[in-house]
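**Q** Below is the sequence, then the predicted model.
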2 protein chains.
Amino acid sequence: VFEGLTKEVIADVNQYKLPPRTAEYMKRLMEYNVPKGKLARGLTVIQAYKSIKKADKISDVEFRRAAALGWTVEWLQAQFLVMDDIMDASETRRGQPCWYLLPDVKLNAINDGLLLECQIYVILKKYFGAETELYVQLFQLIQETTHQTALGQFLDLTTSEPHKVDFGRFSLDVYSDIVIYKTAFYSFYLPCALGMRLAGVNDPKLYDLAKTICIEIGHLFQVQDDYLDCYGDPDTIGKIGTDIRDNKCGWLINRALAKCSVEQRKELEKNYAKGVDASAEAKVKKIFKDLDVESDFRAHEEAAYKKITAMIAEVKGMPSDIFTFLLEKIYKRKK
Amino acid sequence: VFEGLTKEVIADVNQYKLPPRTAEYMKRLMEYNVPKGKLARGLTVIQAYKSIKKADKISDVEFRRAAALGWTVEWLQAQFLVMDDIMDASETRRGQPCWYLLPDVKLNAINDGLLLECQIYVILKKYFGAETELYVQLFQLIQETTHQTALGQFLDLTTSEPHKVDFGRFSLDVYSDIVIYKTAFYSFYLPCALGMRLAGVNDPKLYDLAKTICIEIGHLFQVQDDYLDCYGDPDTIGKIGTDIRDNKCGWLINRALAKCSVEQRKELEKNYAKGVDASAEAKVKKIFKDLDVESDFRAHEEAAYKKITAMIAEVKGMPSDIFTFLLEKIYKRKK
Ligand SMILES: [Mg+2]
Ligand SMILES: [Mg+2]
Ligand SMILES: [Mg+2]
Ligand SMILES: [Mg+2]
Ligand SMILES: [Mg+2]
Ligand SMILES: [Mg+2]
């Protein structure tokens, strides 16, 4: 399906009769940035659609529509990752150099991010433009989610700079806002809601409930991500955690700040975000250990799991197994 | 109207209950970047709407709708300028430091550009969301224009780097593609087409004709801009031209390359894009003078004027005075 979509995007660009290098570059832009992830978000759209349709098998046409819609979420993610990597001065992404680091790309990557976004609406029009009501619902969902994600990026960018430690800006509430806006909306709510729209769910209350559930799942997902960054097995998670040295406003540091003594706070301030200085990082980890934030994480995961399970039990008017599926997939995950 | 729109955008952001600094920053982002230009594009929307309605006076409600739509074009421009200034490493814009150069902004400006874009669709939904057919038309027009403009940016960015002279990539055709895609669509066609949609024009042929006319007007506008950069009175145009030292793929250099001798081409290659080296710039200008590209410009302006006038005479089915207005406003302009 991805290959078909890139061809349709290229065909759209070719209507403009621009020099051939334009289409070539767009192809490369898409292939480098869109399909290299785990595709969990895109697959969730299909999963949600099937679950609500109560159909293990769907027709080819239905599958292509659901898959195209799923890919738009991957496209949106690609746009955000391309731009985020520039702002974070990151070096690698999904095992390859960040797009903006390629010698013939550099800051043109800003415009490339915008091009990826425009391609979303080319796909959307092509697949759903003839069904006005559905089309409007889908583009409003994507638009609103883009706005929420950009607001989350704003909060994230303005809460911590790479090496300036200012714990005055950190708190578990600030953390939750960042996580919900920057990640949960586009990673969890958007794919579910797109699948629901495609399956014809119309009750606004169901969308509100789906939003509440998906936000909780997305929040738990990020708390786990932060936990694994520090306590996970590097071989299993596939990378060495850098949140402490990168001054991340993560769950562990916020949990530690909420319960530490004045002395511990000073020690954290002195050693957080000290780049590759391993002894500073070790001192932070030592305080995490003294405060036993690892147990706090376990308790948090249990409580969140129970809370979300109870919320899912409240879903009436549509099958709820997409939410159970998402929750079980992340519960107690090791990577 | 602008103040009202910022309030509505802020109200939309406030529904999310994020920290108060969020709304404060969004206000500052909009006020710094959206309203400081000449507003020609926004006013064209109102002008087009009035001209088609054949109404000197329109009701308050009609005015607010047309003005809100006009502002979306200014918002779109703000997004592109914020991002363009980063990619071009520009220093000032509209008499103030570029947004990305502010000490608390820097590369966060990338995300701010995206936020400005999202705000367009907040405004569009608020003002036109209830009229589905119109809403979809407006949405698609803005989307498609954003895509075209980003494609034009791509062509521009990949045709010349700041100091690497490669005339092999230049030509009057390449020039036209860049100008039409990067500038003419959003500056001329978009405002006219939005005004036409709002006034209820539905005939696709009229949109095609409007597009052809607006592209020609936009092209002439940019040729004039390039001419004035070199031959205009700095006091009148309000700035000192820098196209030669900035390696711009402008009309004059492309015209010169099309008619120069092998020796002149070598001399141009040696002296184009030499930064603040005034003697290099003078040598380029000397060749422009020897080749009399100034007369070529006069002839081009006359021919374009005649051609566009003839096209405007072909408009049937709607009043054509918006096009005449745009053409007369730029014909023989000195600034
Ligand atoms: Mg990042
Ligand atoms: Mg980031
Ligand atoms: Mg992480
Ligand atoms: Mg520029
Ligand atoms: Mg530029
Ligand atoms: Mg100029």
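**A** That came in fine, so what should we check first? Numbers count the residues shown, from 1 in each chain, chains lettered A, B, ... in the order given. Ligands and ions are numbered 1, 2, ... in the order given.

**Q** use CA for all of it now, contacts and neighbours both
**A** Will do.

**Q** what about A:Met318, how many residues close to it?
**A** 14 (other CA atoms under 10 Å in any protein chain shown).

**Q** Surely it and A:Lys53 touch.
**A** No. Using CA atoms under 8 Å, A:Met318 is not in contact with A:Lys53; the gap is 9.2 Å.

**Q** Next to chain B, which bits of the stretch 51-200 of chain A? Give me the list.
**A** A:83, A:86-87, A:107-108, A:110-112, A:114-115, A:118-119, A:121, A:136, A:143-144, A:146-147, A:150-151, A:153-155, A:157, A:177 (CA under 8 Å from any CA of the partner chain).

**Q** Quick one: residues in contact with the lowest-mean-pLDDT helix or strand in chain A.
**A** Every helix and strand of chain A was ranked by mean pLDDT, DSSP states H and E. The lowest is helix A:234-237, at a mean of 89. Here helix A:234-237 makes contact (CA atoms under 8 Å, 6 or more residues apart in numbering or on different chains) with A:Leu228, A:Ile240, A:Gly241, A:Lys334, A:Lys335.

**Q** from those residues, which is closest to B:Met26?
**A** Nearest to B:Met26 among the contacts of helix A:234-237: A:Gly241, at 33.1 Å, using CA to CA.

**Q** Ramachandran coordinates for the closest one?
**A** phi -60, psi 140 (degrees, to the nearest 10).

**Q** which residues touch it?
**A** A:Leu228, A:Asp229, A:Cys230, A:Pro234.

**Q** Repeat the analysis, applying 10 Å as the threshold.
**A** Residues near A:Gly241 by CA atoms under 10 Å, 6 or more residues apart in numbering or on different chains: A:Asp225, A:Asp226, A:Tyr227, A:Leu228, A:Asp229, A:Cys230, A:Tyr231, A:Gly232, A:Asp233, A:Pro234.

**Q** distance of the fifth one from chain B?
**A** In this case it means A:Asp229. 25 Å (CA to the nearest CA, to the nearest Å).

**Q** Could you do A:Ile244 as well?
**A** 22 Å.

**Q** wait, isn't that residue in contact with A:Asn271?
**A** Yes. Contact criterion CA atoms under 10 Å: A:Ile244 and A:Asn271 qualify, at 8.9 Å.

**Q** Could you check which of those two is surrounded by more residues?
**A** Neighbours were tallied for A:Ile244 and for A:Asn271 using other CA under 10 Å; the higher tally belongs to A:Ile244 (25 against 22).

**Q** Which secondary structure state does the more buried one sit in?
**A** On the three-state scheme (DSSP: H, G, I helix; E, B strand; the rest coil), A:Ile244 is labelled coil.

**Q** A:Lys316 in helix, strand or coil?
**A** Per three-state DSSP, A:Lys316 ends up coil.

**Q** What does it show for phi and psi?
**A** Dihedral angles (degrees, to the nearest 10) for A:Lys316: phi -130, psi 140.

**Q** Just the strands from the stretch 1-150 of chain A, written as ranges.
**A** A:92-93, A:96-97 (DSSP state E, counting those that start in this stretch).

**Q** got the contact list for the last one?
**A** Counting by CA under 10 Å, 6+ apart, strand A:96-97 makes contact with A:Tyr32, A:Asn33, A:Lys36, A:Ser90, A:Glu91, all of which sit outside it.

**Q** repeat for stretch A:303-317
**A** Under CA under 10 Å, 6+ apart, the answer for stretch A:303-317 is A:52, A:201, A:203, A:205-206, A:209-210, A:212-217, A:219-220, A:297-302, A:319-324, A:327-328, A:330-332.

**Q** May I see the ChimeraX selection of the buried members of those?
**A** Selecting only the buried entries of those in ChimeraX, with 16 or more other CA atoms under 10 Å in any protein chain shown as the criterion:
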select /A:52,201,206,209,210,212,213,214,215,216,217,219,220,297,301,320,321,322,323,327,330,331
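
**Q** Okay, and which of the contacts of stretch A:303-317 map to strands?
**A** Counting by DSSP state E, no part of these is found in strands.

**Q** before we move on, back to that, list the residues that are in contact with both of A:Ile244 and A:Asn271.
**A** A:Ala280, A:Glu281, A:Ala282, A:Val284, A:Lys285.

**Q** sorry, back to before: compare the contacts of strand A:96-97 and tell me which is most surrounded.
**A** A:Asn33 (23 neighbours).

**Q** need the contact list for that one.
**A** A:74-75, A:77-79, A:81-82, A:93-94, A:96, A:98-99, A:113, A:116.

**Q** Go again with 6 Å.
**A** A:Ala78 (CA atoms under 6 Å, 6 or more residues apart in numbering or on different chains).

**Q** how near is it to A:Leu39?
**A** A:Asn33 sits 12 Å away from A:Leu39, going by CA to CA, to the nearest Å.

**Q** Same check on A:Lys53?
**A** From A:Lys53 to A:Leu39 the distance is 21 Å (CA to CA).

**Q** what about these two, which has more around it?
**A** Neighbours per residue, other CA under 10 Å: of A:Lys53 and A:Leu39, the larger number sits with A:Lys53, 19 against 15.

**Q** So what's the residue count around the closest residue to the more buried one other than its chain neighbours?
**A** Among residues not flanking A:Lys53 along the chain, A:Ala199 sits closest, at 6.4 Å (CA to CA, 6 or more residues apart in numbering or on different chains). Close neighbours of A:Ala199, defined as other CA under 10 Å, add up to 17.

**Q** try A:Val165
**A** 21.

**Q** repeat for the one 4 residues further on
**A** The number of residues packed around A:Arg169, counting by other CA under 10 Å, is 12.

**Q** so what's it closest to, chain neighbours aside?
**A** A:Thr159 (6.0 Å).

**Q** before we move on, back to that, any idea which of the contacts of A:Gly241 is closest to B:Ala193?
**A** Of the contacts of A:Gly241, the one sitting nearest to B:Ala193 (CA to CA) turns out to be A:Asp225, at 47.6 Å.

**Q** Relative to chain B, how far out is that closest one?
**A** A:Asp225 is 23 Å from chain B, by CA to the nearest CA.

**Q** Give me the mean pLDDT for the one helix or strand that residue maps to.
**A** Element membership of A:Asp225, judged by DSSP states H and E, is helix A:204-231. For helix A:204-231, the mean per-residue pLDDT is 97.

**Q** now it: how far from the chain's centre is it?
**A** 10 Å (CA atoms, centre = their mean, to the nearest Å).

**Q** and that helix, what does it pack onto?
**A** If you count contacts as 3 or more CA pairs under 6 Å, 6 or more residues apart in numbering or on different chains; DSSP states H and E, helix A:204-231 packs onto no helix or strand.

**Q** and the gap between A:Leu81 and chain B?
**A** 11 Å.

**Q** what number of residues lie near that residue?
**A** So A:Leu81, with other CA under 10 Å, has 18 neighbours.

**Q** Report pLDDT for it.
**A** 97.

**Q** got the buried residues for stretch A:217-231?
**A** A:217-230.

**Q** Sorry, wrong one. I was asking about stretch A:122-130.
**A** A:Val122, A:Ile123, A:Leu124, A:Lys125, A:Tyr127, A:Phe128, A:Gly129.

**Q** just checking, which of those belong to helices?
**A** A:Val122, A:Ile123, A:Leu124, A:Lys125, A:Tyr127, A:Phe128 (DSSP state H).
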